[in-house]
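*Asks:* give me coordinates for this.
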Amino acid sequence: MSRLCPVFEAPGSEEEELPLPPSPWHFGRQARLPKEHWERIIELAGKQHSHWEELLEQASYLDGDFSALTPDKTSVLRVVLNKLCQAIANAEPLVPEATVEIPEPLPNSEHVRMVEAVIAVIDESLKSSGIFDSYVD
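*Replies:* Coordinates of the predicted model:
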């Protein structure tokens with residue numbers, strides 16, 4: 001059985017890469033994150049501000065339904081994710097040890113890189129006035 005991953009896909013040409021240094025968290029126009037790690041990130045977001053958790057949940061599973069994600073909300077999402085990077089960097093480890101659910105205890109710096117990949121998708125969306133998509137694959 002394969003692992004579920006939230007996918008965030010930037011608008012634009014499939015030949016264009018996201019403007020990021022190479023990482024395991026993005027490929028082409030997509031940010032692909034292990035679901036279990038993304039859930040820990042969302043959990044931390046909720047501990048920072050309850051509306052952050054709701055916004056991230058909503059933005060994570062659009063699956064082609066863009067009605068709830070206005071350009072203003074996309075801009076707010078960008079700001080929230082940027083603040084979340086700082087919160088992750090300063091937090092206790094999100095995955096301090098391997099578990100059955102999460103077999104790899106990644107350092108928080110990798111969780112920051114995951115969020116940065118999502119930010120790159122959103123930046124491409126804001127830059128092009130297009131809409132990013134998100135779904136679980």
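*Asks:* quick one, helices of the chain?
*Replies:* 35-48, 50-60, 71-90, 108-128 (DSSP state H).
*Asks:* off-centre distance for the shortest one?
*Replies:* Spelled out, that is helix 50-60. 11 Å (C-alpha atoms, centre = their mean, to the nearest Å).
*Asks:* check which helices and strands that helix is in contact with.
*Replies:* Packing partners of helix 50-60 (3 or more C-beta pairs under 8 Å, 6 or more residues apart in numbering; DSSP states H and E): helix 35-48, helix 71-90. Every C-beta, even on glycine, is put in place using the N, C-alpha and C of the backbone.
*Asks:* quick one: average pLDDT of that helix?
*Replies:* Helix 50-60 carries an average pLDDT of 93.
*Asks:* remind me which residues of the chain are low pLDDT?
*Replies:* 1 (pLDDT under 70).
*Asks:* can you pull up the most central residue in this structure?
*Replies:* In the chain, the C-alpha closest to the average C-alpha coordinate belongs to residue 118, at a distance of 4.0 Å (C-alpha atoms, centre = their mean).
*Asks:* good, we can wrap up now.
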